[in-house]
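1. next comes the sequence, and after it the predicted model I'd like to discuss.
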Amino acid sequence: MRDLNEQQELRLEKSGRLRQNGIDPYPRRSRRTHATREVVDSLDDLAAAGQEVIVVGRLRARRDMGRTVFADIEDGTGRIQLLCRANTLGAEGLEFLKSDLDLGDIVEVRGVPMRTRTGEPSVDVREVRLLAKSLNPLPDKWHGLEDVETRYRQRYVDLMVNPEVRDVFLRRARIISEMRRYLDDRGFVEVETPVLQPIYGGAAARAFTTYHNALDQTLYLRIATELYLKRLLVGGIERVYEIGKDFRNEGTSTKHSPEFTMMELYQAYADYSDIMVLVENLVCTLAQQVNGSAQVRFRGQEIDLTPPWSRVPLRDAILQHTGVDYEAYPETESLAAAVREAGIETRPGATRAELIDELLDNTEPRLIQPVFLIDYPVELSPFAKRKPDNPSVTERFEFFIGGIEVGNAFTELNDPVDQDERFREQVAEREAGNEETSQYDEDYVNALMYGMPPTGGLGIGIDRLVMVLTDSPSIRDVILFPHMRARHRLVGQLSCS
RNA sequence: GGGCCGCUAGCUCAAUUGGCAGAGCAACUGACUCUUAAUCAGUGGGUUGGGGGUUCGAUUCCCUCGCGGCUCACCA
């Protein structure tokens, strides 16, 4: 036996001893009759009836008074106190609890609900059974687990001892299921499109590459679901959405994860202003359903999600926050000079799109209250339809809450000739060295050539939305197992002597 | 990738100018029949992230590697 510390070794020995005495430390099943919460909620009725219950849970605390031992167990619904007395549980049962069980073990107890003198809801225990032996000691009962690296790497421990972490992930699940319900109720059809794609597109990002042996084919992990979903509109599904992972081969940050969850939806016979109404109603509804309020606190700021949200042209927002009016500089060189003059560093040789992006990056942190920035330049938006009165601008918006971009939407480009040109521009840029442009997707253009209805489309970064609605400062706090560099092994051989 | 910060017992954290590596919880032994961070008495537990260097002596100073956090860059 290697790599085990003193406490682990002791617990493993106990486990072996139990086995020798004919007690399986990992028995098949439990006879649970009540969740701890059910017992607490109807305690007085159960106590009055003197009804026996069987509850289960992880042993979280033990207070040994000699002939009386108090213990707390915790299941998925909450905690309850156990009152274990020599004259009701018996000397043998009490000794089992004191000597053979450890904090962290999963146990089953049979007993009668009651209140102690201080009024604490408890179970007067008649029988204790071990359901699963815990070999690892729990973190500090008061401080819990704080080390960020361990919390991410061993999320199971984090969830075990930090209730607020569990709450975040329960709310995340709720947000997603309520979002599904909201869309289903409005006639949207949920679909699944390929994750492995021969050509990736629909966003500006580098892809992960993989390989299909049997087909002898290079495949990419999708960076967006966009182009497949819009094929479905060509096929006649008028309202469609997908919730799933996208993958982008990029660095991480508090707002970026290489794999993240995206909801994309497309609605035929709608445009981007219809989508704005949908977004503000959806997000506000989710906040009310999950948090009970349209007001959220995020990074110390009070945010009001009540519709309508303001709609501000991108140009105006950037002008207001950086002092640069990019439309006043039609040439890349003059815009670059203006950006530099505003005190923003730029990459030498940056394209116009990159410069505007840079200006937006400097604007984004100031967008605390929910806002739609509308009307993006066409060079930033290869799949968005141009505005009728100004072909250099598209009907596109991004929305921001709490200083981060949460979603992106536009009136979809359905003109195959225009789309063909945009793809060509993207390809030209790629040849000029920009790896984050879209590949030419011939089949997609072919689909458009059959005719796609006028359509409004939307993408929402689910992780970021969850960040805002749960006041989580980092995207890693809303992803159960965030990506980490590989680490050496945790346990050695667990051979039992 | 750059900059800054961090890594000490199972967990949470100390350690003066470079001078015997400590505390609380957890664990172990004992006392205690209504406690709830139970209490009281006692005991064990360390490759101070790894490697190298300076020094009589390194948790402390230097170099290097690893992992993480923040931040900038990259990137929606």
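-> Good, I have the coordinates.

2. what's the first helix or strand after the top helix by length along chain A?
-> As assigned by DSSP state H, the longest helix anywhere in chain A is helix A:163-185. Tracing the chain C-terminally past helix A:163-185 and defining elements by DSSP states H and E, one meets strand A:189-190 next.

3. can you list the strands that the very next helix or strand once past that next one pairs with?
-> Following strand A:189-190 in sequence order, the next helix or strand is strand A:196-197 (DSSP H and E). Paired with strand A:196-197 in the same sheet, following DSSP bridges, are strand A:217-221 (antiparallel).

4. pull out the buried positions in the strand it pairs with.
-> A:219-221 (16 or more other CB atoms under 10 Å). Where you see a C-beta, it was placed from the backbone N, CA and C, and this is true even at glycine.

5. the helix or strand just after that strand packs against which elements?
-> As assigned by DSSP H and E, the chain's next helix or strand after strand A:217-221 is helix A:226-234. Helices and strands touching helix A:226-234, by 3 or more CB pairs under 8 Å, 6 or more residues apart in numbering; DSSP states H and E, are strand A:239-247, strand A:259-268, helix A:442-449, strand A:455-461.

6. would you put the C-alpha positions of helix A:226-234 in PDB?
-> Extracted in PDB, the C-alpha atoms of helix A:226-234 (Å, rounded to 0.1, in the frame of the first residue of the first chain):
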ATOM      1  CA  GLU A 226     -25.100  28.100 -37.100                       C
ATOM      2  CA  LEU A 227     -24.700  26.800 -40.600                       C
ATOM      3  CA  TYR A 228     -26.400  23.400 -40.000                       C
ATOM      4  CA  LEU A 229     -29.300  25.000 -38.200                       C
ATOM      5  CA  LYS A 230     -30.000  27.300 -41.100                       C
ATOM      6  CA  ARG A 231     -30.000  24.400 -43.500                       C
ATOM      7  CA  LEU A 232     -33.000  23.100 -41.500                       C
ATOM      8  CA  LEU A 233     -34.800  26.400 -42.200                       C
ATOM      9  CA  VAL A 234     -34.200  25.700 -45.900                       C
END
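
7. stretch A:465-485: end-to-end distance?
-> 26 Å (CA to CA, to the nearest Å).

8. up against RNA strand B, what does the stretch 251-400 of chain A have?
-> Counting by CB under 7 Å from any atom of the strand, the positions of the stretch 251-400 of chain A adjacent to RNA strand B are A:251, A:253-254, A:256, A:345, A:347, A:354, A:357-358, A:360-361, A:380, A:398.

9. wait, which of the residues you listed is closest to RNA strand B?
-> A:G251 (3.4 Å; CB to the nearest atom of the strand).

10. next, count neighbours for that closest one.
-> 7 (other CB atoms under 10 Å).

11. tell me which residues are up against the longest helix of chain A.
-> A:151, A:155, A:158-159, A:190, A:241, A:243, A:261, A:263, A:265, A:282, A:285-286, A:289-291, A:462, A:465-466, A:469-470, A:472, A:477-478, A:480 (CB atoms under 8 Å, 6 or more residues apart in numbering).
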